[in-house]
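>>> Next come a sequence and a model predicted from it.
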Amino acid sequence: MMNLFSTLPADLFSILASPNRLLYADALDVLYEAYKDNLKIPEQTLYSMLRSRLERQLAEASFDGEDIYEEELRDISGKARFLIRKLCSKGWFEKERGEDFEEYITVPGYSSRLLELFHQLTDDSPLRGYSFVLSTYSTLKVADEGNNAYERMTAIYNAYDNTLQLIKMLQMVYHNVRHYFKIQVEMRNINKVLASHFDDFGQKVVETYIRPLKVKDSVPKYKVPILIILNKWIEDDHILYEISNAAHQDKRGDSVDACRNDLLTKIYWIKERYESVEHEYLDEIDAQVRRYTRATTQKIENLTNRDQNVRGNLNYLLNRLSRSRLSSELVESIQPAFQLYAQTCLSEKSLWCSRRPKRRMALEPVLVEDDAPDAGLISNAEELLHAKYGRAAVTDYMRERFFGKDALYSKDLALRDDNSYIMSILSFLRGEDDDSFYSVQSFDAEYREGDYTIPQLKFSRKESKK
């Protein structure tokens, strides 16, 4: 179980739920800038940055209900000091005194990760997907040509990390497409639909992630070379021992065998991901993109021509119905043209009605006579069966095959028809009886003759040849 608050302070996020949450969010962004630009952060540096960058926000802030001192409320400087005290008390950073007796800010690991995440979420600058596939191929290729065990070991771990990041990125892209689809469904203004499709979706999803995967960081292009190198390494015991020993020396496992198992696990995981990534990820993403693009195109057409065709009029009518909460007057006015039914749950199948099964008519029962078989016929059939395939018949059959021989094989049984096939099976079973004149031995192989297949058998005579 994930115990989140054993790592995070209990009141860490309380500032983001207060009335001054916008001010605190800006203060966290200033803290991130100070953390990014300075190895050692003097408290005076953070104070100067807060005062200069948040001057207007600090001047307008009221801090009603906050635990701020009266002297801190007098001016911007006091409010900036309050922000530092507030963020420190909630656990966003800590203070320590340096050798020069100055106060310095230290940012814990959880705080630095959260600050980085907040900055990425609010950063509007265009990004590009990392070249995980190309990086994996380049690292493996250089290590394979270099013939160095440490480089090969490092390449495997790097390839595993890159593949893991690739899968995470593909999952993010898939969910992003569905997110934009939901946003587009709720839009009613054609300009907003166009801006969302070409600016937001086109730049932040297609140009950032999907296009590089198709052109520059192509999985189909580099998949085969990656698999060839990995297969070459796992099939060579000498290479496996060298990279396992290098991993053990690098303290990646308690023993060489543990490092070998870990490396093999990671290699096979990488192979499985690259063998399935096209079908399980790329094809699904392409299907979602096509669905989103088709729906966006239809929506743009509807919004553009809604007053000129039936589809636009129907769209207008449905919008009016949704806003009117299905008022009885409006429903009654269009009832001669449409049959409308209230539905509490809307799904993809809401526009279709399932076919109702027809009622089955009751018919007169048909009597079935249950005639018992004649006892004499059953007795005659049993006698015929035992006469043809009984123990004596099987023994006579095998004596004919053993004539002049001490051993027989499956090929000597001559499987020409169903009768010979049945006799070969019964001969195998008869050979396990104690009173049989021969023994039988089965091998882990098959013998095929025509349409018949039996195991590879050897029949050996128990008695001496006569």
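Thanks, I have it.

>>> Settle this for me: residue 401 is touching residue 409, isn't it.
No - contact criterion CB atoms under 8 Å: residue 401 and residue 409 do not qualify, at 10.4 Å. C-betas here are computed from N, CA, C, even on glycine.

>>> residues shared between the contacts of these two?
Common contact partners of residue 401 and residue 409 (CB atoms under 8 Å, 6 or more residues apart in numbering): residue 459.

>>> More neighbours: which of these two?
residue 401 (16 against 12; other CB atoms under 10 Å).

>>> does the more buried one sit in a helix or strand, and which one?
In this structure, residue 401 sits in helix 391-402 according to DSSP states H and E.

>>> same question, residue 268
Element membership for residue 268, per DSSP H and E: helix 256-277.

>>> Output that helix as PDB, nothing but the C-alphas.
What follows is helix 256-277, C-alpha atoms only, in PDB (Å, rounded to 0.1, in the frame of the first residue of the first chain):
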ATOM      1  CA  VAL A 256      26.900 -12.500 -10.200                       C
ATOM      2  CA  ASP A 257      23.900 -14.900 -10.600                       C
ATOM      3  CA  ALA A 258      21.600 -12.300  -9.200                       C
ATOM      4  CA  CYS A 259      22.900  -9.700 -11.600                       C
ATOM      5  CA  ARG A 260      22.600 -12.200 -14.500                       C
ATOM      6  CA  ASN A 261      19.000 -12.800 -13.600                       C
ATOM      7  CA  ASP A 262      18.200  -9.100 -13.300                       C
ATOM      8  CA  LEU A 263      19.900  -8.400 -16.700                       C
ATOM      9  CA  LEU A 264      18.100 -11.200 -18.400                       C
ATOM     10  CA  THR A 265      14.800 -10.000 -16.900                       C
ATOM     11  CA  LYS A 266      15.300  -6.500 -18.200                       C
ATOM     12  CA  ILE A 267      16.400  -7.700 -21.700                       C
ATOM     13  CA  TYR A 268      13.400 -10.000 -22.100                       C
ATOM     14  CA  TRP A 269      11.100  -7.100 -20.900                       C
ATOM     15  CA  ILE A 270      12.600  -4.800 -23.500                       C
ATOM     16  CA  LYS A 271      12.200  -7.400 -26.200                       C
ATOM     17  CA  GLU A 272       8.500  -8.000 -25.300                       C
ATOM     18  CA  ARG A 273       7.800  -4.300 -25.300                       C
ATOM     19  CA  TYR A 274       9.300  -3.700 -28.700                       C
ATOM     20  CA  GLU A 275       7.600  -6.800 -30.200                       C
ATOM     21  CA  SER A 276       4.200  -5.600 -28.900                       C
ATOM     22  CA  VAL A 277       4.400  -1.800 -28.900                       C
END
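
>>> Just the buried residues of the lengthiest helix in the chain, please?
The residue-count maximum for a helix in the chain (DSSP state H) belongs to helix 149-186. Neighbour-count burial for helix 149-186, counted by 16 or more other CB atoms under 10 Å, picks out 149-160, 162-163, 166, 169-170, 173-174, 176-177, 180-181, 184.
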